[in-house]
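**Q** below is the structure, and that's it, no one-letter string:
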């Protein structure tokens, strides 16, 4: 189609260098923004998912998990798992859907590492109204990632 620009093209990961296919049929999300192998992203969106208007473009580190918001509040008891990314350039935070092809063990590792974040980073995340999942959510996280109860 003439004049058409693919707003969600395939890309190479900013962190590990792996090729990342961004087609919705593979990723299971409309606006693929992170690597399924290491979960790192790039600061591309400014106002909403897929707008690709951010001037920053710095790498974004996966710093933890939360549950999807409902009515502008994060659900404490469950819901869809979401990745929390922290921009290494400007410090912005973003919440992103976990894609269908994200490696479960890498998502679980990000969850485990989030409990070791420095206090200042945890306070910044909490100050933005994001509830990082803690140890008490481990069974729920595993159940969503692997479809079973982990003891």
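**A** Here it is on my side, so go on. Computed from a predicted structure; not experimentally measured.
**Q** in the chain, which spans are helices?
**A** 24-27, 104-114, 119-127, 138-146 (DSSP state H).
**Q** can you map out the strands along the protein?
**A** 11-12, 19-20, 41-42, 59-67, 69-70, 73-74, 81-87, 93-97 (DSSP state E).
**Q** turn those strands into CSV, columns for mean neighbour count and distance to residue 138.
**A** C-beta here means a position set from N, CA and C on the backbone, and glycine is covered the same way. Output for these, formatted as CSV (neighbours: other Cβ atoms under 10 Å; distance: least, Cβ to Cβ, whole Å):
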stretch, mean neighbour count, distance to residue 138
strand 11-12, 14, 31
strand 19-20, 16, 27
strand 41-42, 24, 24
strand 59-67, 23, 10
strand 69-70, 13, 21
strand 73-74, 14, 17
strand 81-87, 22, 12
strand 93-97, 19, 20
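**Q** minimum distance to residue 118: which of those strands has it?
**A** Closest to residue 118 of the strands of the chain is strand 59-67 (Cβ to Cβ; 10.3 Å).
**Q** paired strands for that closest one, with orientation please.
**A** strand 41-42 (antiparallel), strand 81-87 (antiparallel) (DSSP bridges).
**Q** partners of the most centrally placed residue in the chain in the sheet?
**A** Nearest to the mean C-alpha position of the chain, counting by Cα atoms, centre = their mean, stands residue 83 at 2.9 Å. Judged by DSSP bridges, the bridge partners of residue 83 are residue 65, residue 96.
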